[in-house]
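>>> sequence unavailable; structure follows:
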């Protein structure tokens, strides 16, 4: 079995790859199928290309937000699941950074078509990526605080 950091990085590359490394082939195949399904129905590859080319307005028009909003939860679930199965997350609240990230990225996706950061419209790729940062930070803060609270109350 692979270590938790390795499967986390492979899951970042493509949801389901971490599950394959963990020997969870059916779960990995389902996650890869779902990733391709949501990706195609959201028109996400075209949106990514347009965003990298700086054509944010066209990327916004190409995105199917009804499908795109599924992507963050699928993506972060696959990362957490692979990480957990590889032995990471021995703390029972290790899921919190993944959950908060999925939430913040989904909200970022919702507002990405009209919210500007420093006067710049970032669109459905760049703004949700930026939203990972507060998601991870808040998830880690909550995880630490809840764990410390439980430890303090046990003494």
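All right, it came through fine. No experiment lies behind these values; they were computed from the predicted model shown.

>>> run a quick neighbour tally on residue 150.
Residues within reach of residue 150, counting by other Cβ atoms under 10 Å, total 11. Just so you know, the C-beta spots here come from the backbone N, C-alpha and C atoms, and that holds for glycine as well.

>>> so it, which of the three states?
Three-state assignment for residue 150 (DSSP: H, G, I helix; E, B strand; the rest coil): helix.

>>> any chance you could map the helices in the chain?
4-13, 17-21, 25-42, 44-52, 56-62, 65-68, 71-85, 96-111, 123-154 (DSSP state H).

>>> and residue 117, which of these is closest to it?
Residue 117 lies closest to helix 123-154 among the helices of the chain, at 6.7 Å (Cβ to Cβ).

>>> the closest one - contacts with which helices or strands?
Applying 3 or more Cβ pairs under 8 Å, 6 or more residues apart in numbering; DSSP states H and E, one finds that helix 123-154 contacts helix 44-52, helix 56-62, helix 96-111.

>>> centre of the chain to the least confident helix or strand in the chain by mean pLDDT, how far?
Within the chain, no helix or strand scores below strand 116-117, which has a mean of 84 by mean pLDDT, DSSP states H and E. Computed by Cα atoms, centre = their mean, to the nearest Å, the separation of strand 116-117 from the middle of its chain amounts to 21 Å.
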